[in-house]
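S.K.: Predicted model, plus sequence, below.
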Amino acid sequence: MINLNGSGNIFIDVLDAIKAWLTAVLRNLSHTEIGMNSAVRIAMIAISLLVIWFLFKRMLKSQIKESAFLLWTLPAFLLFVYGMWPELTYYVADKTHLTFGYALVVTVPFIALLYYLAFKQMCQISEILSKLVELGSVVSLQKHEINKLKKRIAELESGENKNQPEKSDTDEKK
């Protein structure tokens, strides 16, 4: 039953009802009332082992670097640990004040992964910018050298023309 709070907008009232329903569902799914389903545990373990196997395969073929291997292995390892010992998931969820233990399995490793990737991108951007500044100075120096050489060539050409007598039309016909 939708409780109209007198806002006059049924859309807002429906959203409030959905929010209340989702809050109640999430509270009912807390670890105190139901445990982690064995099918979910098996899926977590299988997925983590497949990811680790895939990463080993790619690393042995030199398709990914060791740093990327470690980066992607950590969330898979955490998924494996949480699948093997779900009590650990709930213990850590209680200590971090998460009301839904599965949120810990997904959010913490991926937030850490995204933070690391953002940091790595920032480092790469800084490195590229410093190389760009260095290349700009090299190009500037090379342009300066080219201009000096052009002036020198122009001076030499004008100096050769002064030293040589002008050719007459009869000399060119011969």
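M.R.: Now that the structure is in, tell me what you want to look at. Residues are numbered from 1 along each chain as shown.
S.K.: show me where pLDDT drops low in the chain?
M.R.: Along the chain, segments meeting pLDDT under 70 span 1-12, 14-15, 18, 21-36, 100-106, 108, 161-174.
S.K.: which residues of it fall in strands?
M.R.: Shown for the chain, no strands are assigned by DSSP state E.
S.K.: Distance check, I125 against S67.
M.R.: 17 Å (C-beta to C-beta, to the nearest Å). In short, each C-beta sits where N, CA and C put it, glycine included.
S.K.: next one: V139
M.R.: From V139 to S67 the distance is 32 Å (C-beta to C-beta).
S.K.: S126 now?
M.R.: The spacing between S126 and S67, counted by C-beta to C-beta, is 17 Å.
S.K.: Buried residues of stretch 37-46, list them for me.
M.R.: Going by neighbour count (16 or more other C-beta atoms under 10 Å), the buried part of stretch 37-46 is 41, 44-45.
S.K.: got the contact list for it?
M.R.: With C-beta atoms under 8 Å, 6 or more residues apart in numbering as the test, stretch 37-46 has contacts from 79-80, 82-84, 86, 105.
S.K.: Among those, which one has the most neighbours?
M.R.: Y82 (26 neighbours; other C-beta atoms under 10 Å).
S.K.: Am I right that that residue is in contact with L88?
M.R.: Yes - the criterion here is C-beta atoms under 8 Å, and Y82 meets it with L88 at 6.6 Å.
S.K.: count of residues packed around A112?
M.R.: Using other C-beta under 10 Å as the criterion, A112 is surrounded by 14 other residues.
S.K.: need the contact list for it.
M.R.: Residues in contact with A112 (C-beta under 8 Å, 6+ apart) are 74-75.
S.K.: all helices for the protein, in order.
M.R.: Using DSSP state H, the helices found in the chain span residues 10-28, 38-60, 66-84, 86-95, 101-163, 169-173.
S.K.: Only the C-alpha atoms, please, for the second one, written as PDB.
M.R.: Right, the one you point to is helix 38-60. Output of helix 38-60 as PDB, limited to C-alpha atoms (Å, rounded to 0.1, in the frame of the first residue of the first chain):
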ATOM      1  CA  SER A  38      26.100 -22.300  -0.600                       C
ATOM      2  CA  ALA A  39      25.500 -21.700  -4.300                       C
ATOM      3  CA  VAL A  40      26.700 -18.100  -3.900                       C
ATOM      4  CA  ARG A  41      29.800 -19.400  -2.000                       C
ATOM      5  CA  ILE A  42      30.500 -21.900  -4.800                       C
ATOM      6  CA  ALA A  43      30.000 -19.300  -7.500                       C
ATOM      7  CA  MET A  44      32.400 -16.900  -5.600                       C
ATOM      8  CA  ILE A  45      35.100 -19.500  -5.300                       C
ATOM      9  CA  ALA A  46      34.700 -20.700  -8.900                       C
ATOM     10  CA  ILE A  47      34.800 -17.100 -10.300                       C
ATOM     11  CA  SER A  48      37.800 -16.200  -8.300                       C
ATOM     12  CA  LEU A  49      39.700 -19.400  -9.300                       C
ATOM     13  CA  LEU A  50      38.800 -18.800 -13.000                       C
ATOM     14  CA  VAL A  51      40.000 -15.200 -12.800                       C
ATOM     15  CA  ILE A  52      43.200 -16.200 -11.200                       C
ATOM     16  CA  TRP A  53      43.800 -19.000 -13.800                       C
ATOM     17  CA  PHE A  54      43.000 -16.600 -16.600                       C
ATOM     18  CA  LEU A  55      45.500 -14.100 -15.100                       C
ATOM     19  CA  PHE A  56      48.200 -16.700 -14.700                       C
ATOM     20  CA  LYS A  57      47.700 -17.800 -18.300                       C
ATOM     21  CA  ARG A  58      48.000 -14.200 -19.600                       C
ATOM     22  CA  MET A  59      51.000 -13.500 -17.500                       C
ATOM     23  CA  LEU A  60      52.900 -16.600 -18.700                       C
END
